[in-house]
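Asks: Output the structure for:
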Amino acid sequence: MTTSVVDYENLMSSGFSDANSSSFRTVRPRWERKKQQAQMSGVNENSLNGSDGSKRLQTLSSSRSAFGSSSDRFIPNRSSMDMEKAAYAMQQQQQSNAAVVSDDSSSEDEHEPEFSETEAGEEYKNVLKSAMLGIDGDDHRVLSFKEKAPAPKGDTVNNLQILYSSHNGGSKLSKTAKKLVNRHIPSAPSRILDAPDLLDDYYLNLLSWSDTNVLSVALGQTVYLWNASSGDIQELCTYDRNDESYISSVSWVQQGGAHIALGTSDGTTELWDVHAGKKLRTMDGHSDRVGALSWNQHTLSSGGRDSVVVNHDVRVARHKTAILSGHEQEICGLAWSPDGSTLASGGNDNKLCLWDASTTGSSSSARFTLTEHQAAVKALAWSPHERNLLATGGGTADRCIKFWNSRTGALLNSIDTGSQVCGLQWNPFEKEILSSHGFARNQLCLWKYPTMAKVKELDGHTARVLHMACSPDGSTVVSAAADETLRFWNVFAPPGKSGSKRSSDSQGARSNKLSRTMHIR
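Replies: Prediction:
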């Protein structure tokens with residue numbers, strides 16, 4: 001009996017002592033932890049050198065890739081960093097690391113409970129961070145990699161993208177652009193004329209509209225006159241010196257509408273009386289075709305493939321008053337300013353030259369020679385609203401519309417249109433400019449000046465829109481394209497015209513009525 005009681009007491013005492021000792025072993029001494037870490041490191045080295053080392057290496061490499069081992073390949077953008085926020089985040093990380101080290105260096109027999117902030121304290125800390133540093137959470141990054149690559153320079157040209165880039169049915173205009181005008185602009189042309197044999201040549205100027213409402217167009221070797229008031233069509237002349245001859249430019253005299261100048265492929269310039277239907281005179285001065293003409297009262301300026309501009313006084317027998325040699329290649333654009341003081345010439349050498357009206361002789365130089373365009377400069381248009389304001393457009397490799405101060409030669413603005421600029425036409429009533437384009441969409445675009453916000457796009461031509469002309473009342477613009485059609489657009493509204501829905505509906509009905517294709521010959 002006594003022996004059994006003693007055994008029971010020994011059993012109970014040993015059980016309680018084991019339980020008590022286990023409770024004290026929850027916090028191990030520091031030397032035991034160091035010894036265990038050394039043993040674990042030795043086991044890892046042996047396992048890596050063993051037969052299954054390759055598998056463990058693969059596991060390590062996969063874990064490294066999961067944590068972004070290639071992150072050092074990024075270059076931080078220091079201009080977009082917030083140094084104060086970055087310093088605060090790094091200090092927080094250092095404080096957390098120090099807390100872990102202090103926990104490891106605690107005594108082996110005493111274990112102090114870890115300090116934890118209350119929920120109220122944590123919320124207060126977050127609110128304080130948000131108010132002082134603007135950090136809403138703990139996901140603030142020290143380095144910034146989110147900035148986009150810098151945009152290419154304006155003169156960077158990708159010819160493949162220019163010629164072969166696809167489009168998604170045209171760029172969609174923003175709501176802000178649509179609110180720039182308070183009038184209705186029809187999307188369809190009001191009239192379409194068939195123009196067979198219209199030459200597809202970027203360097204020619206084959207369309208002109210007189211102040212008597214007669215439109216002239218050169219089709220091959222023949223010049224036709226279309227009366228916009230009556231719809232009558234008249235054949236003015238045929239230039240058939242040989243099988244390869246053709247009319248290369250046409251231009252009405254500024255006032256009266258009784259005379260028209262014609263440039264030919266043989267380098268001559270002819271002056272015709274429209275009412276009498278006869279040629280008044282032939283003026284020479286060029287050794288190759290005359291692709292551009294412009295009037296300034298009684299002075300007619302002609303530009304040719306021989307890279308010179310000739311000023312003719314049509315009143316006298318010795319008509320050549322000045323020979324302007326500022327270009328190195330063919331002249332494809334000429335335009336006198338509204339006040340008659342400056343002549344602008346654009347050439348295939350990517351140059352824009354500005355000449356004074358007082359220039360005479362053959363040894364004079366241009367007032368300014370501007371070379372900012374990267375392609376041929378054909379489209380020229382003087383602003384009717386601001387004096388000395390000139391708009392120019394470049395070819396396929398340039399695609400830009402540029403605005404100049406002709407008095408100082410300063411470049412005021414430049415905008416990349418995305419396609420070849422063939423023609424420019426100012427709105428005579430508001431500060432707007434219409435541009436015609438070639439590759440790759442063949443559309444007309446209406447822009448608001450000076451913001452150059454796109455107001456309207458007019459589609460319909462199936463080839464590049466080479467020429468434009470404005471009606472004498474300023475409300476209609478005709479475009480001639482390489483698809484051998486002339487299209488009339490009611491894009492400029494005269495002052496006082498109502499923009500109500502009723503007028504819009506009437507214009508739409510008239511547009512449908514006149515949209516039938518007619519032959520100009």
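
Asks: Now do the closest residue in space to residue 244 that isn't next to it in sequence: how many residues are near it, please.
Replies: Using C-beta to C-beta, 6 or more residues apart in numbering and skipping the chain neighbours, the partner closest in space to residue 244 is residue 265 (7.2 Å). To be clear about C-beta, it is placed using only N, CA and C from the backbone, and glycine gets the same treatment. Neighbour count of residue 265, defined by other C-beta atoms under 10 Å: 22.

Asks: Tell me who's in contact with residue 265.
Replies: With contact set as C-beta atoms under 8 Å, 6 or more residues apart in numbering, residue 265 has these partners: 244, 245, 246, 247, 248, 289.

Asks: The fifth one contacts residue 264, doesn't it?
Replies: Yes: in this structure residue 248 lies within contact range of residue 264 using C-beta atoms under 8 Å: 6.2 Å.

Asks: higher neighbour count, those two?
Replies: Neighbours around residue 248 and residue 264, counted as other C-beta under 10 Å, are more numerous at residue 248. The numbers are 27 against 21.

Asks: Tell me where the model's unsure across the stretch 51-200 of the chain.
Replies: Across the stretch 51-200 of the chain, the ranges flagged by pLDDT under 70 are 51-82, 93, 96-120, 129, 131-179.

Asks: Next: the chain.
Replies: Residues of the chain that meet the cut-off, pLDDT under 70, sit at 1-27, 42-82, 93, 96-120, 129, 131-179, 363, 496-521.

Asks: Going along the chain, name the helices of it.
Replies: 2-24, 30-49, 53-66, 83-104, 119-133, 159-164, 175-178, 501-514 (DSSP state H).

Asks: any idea how far residue 359 is from residue 488?
Replies: Remark: distance between residue 359 and residue 488 (C-beta to C-beta, to the nearest Å) = 37 Å.

Asks: all strands in the stretch 301-450 of the chain, in order from the N-terminus.
Replies: 309-313, 320-324, 331-336, 342-347, 352-356, 368-370, 377-382, 389-394, 400-405, 410-416, 421-426, 432-437, 444-448 (DSSP state E, counting those that start in this stretch).

Asks: Apologies, that question was intended for the stretch 101-250 of the chain.
Replies: Going by DSSP E, counting those that start in this stretch, the stretch 101-250 of the chain shows strands at 191-194, 207-209, 214-219, 222-227, 233-238, 247-252.

Asks: Can you lay out these as CSV showing distance to residue 302?
Replies: As requested, those are exported to CSV (distance: least, C-beta to C-beta, whole Å):
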stretch, distance to residue 302
strand 191-194, 27
strand 207-209, 14
strand 214-219, 15
strand 222-227, 16
strand 233-238, 18
strand 247-252, 8
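
Asks: I'd like to know which of the ones you listed lies nearest to residue 339.
Replies: strand 247-252 (18.7 Å; C-beta to C-beta).

Asks: what helices or strands is that closest one leaning on?
Replies: Applying 3 or more C-beta pairs under 8 Å, 6 or more residues apart in numbering; DSSP states H and E, one finds that strand 247-252 contacts strand 207-209, strand 214-219, strand 222-227, strand 259-264, strand 290-296.

Asks: try 7 Å
Replies: Packed against strand 247-252 by the contact rule (3 or more C-beta pairs under 7 Å, 6 or more residues apart in numbering; DSSP states H and E) you find strand 207-209, strand 214-219, strand 259-264, strand 290-296.

Asks: Could you tell me which strands the first one is paired with, and in which direction each runs?
Replies: Going back to what we said before, that points to strand 207-209. Paired neighbours of strand 207-209 in the sheet (DSSP bridges): strand 214-219 (antiparallel).

Asks: Could the C-alpha coordinates of the strand it pairs with be exported in PDB?
Replies: Listed next in PDB are the C-alpha coordinates belonging to strand 214-219 (Å, rounded to 0.1, in the frame of the first residue of the first chain):
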ATOM      1  CA  VAL A 214     -17.000  81.600-112.900                       C
ATOM      2  CA  LEU A 215     -14.900  78.600-112.100                       C
ATOM      3  CA  SER A 216     -12.000  77.700-114.400                       C
ATOM      4  CA  VAL A 217     -10.300  74.300-114.400                       C
ATOM      5  CA  ALA A 218      -7.600  72.900-116.600                       C
ATOM      6  CA  LEU A 219      -8.200  69.300-117.800                       C
END
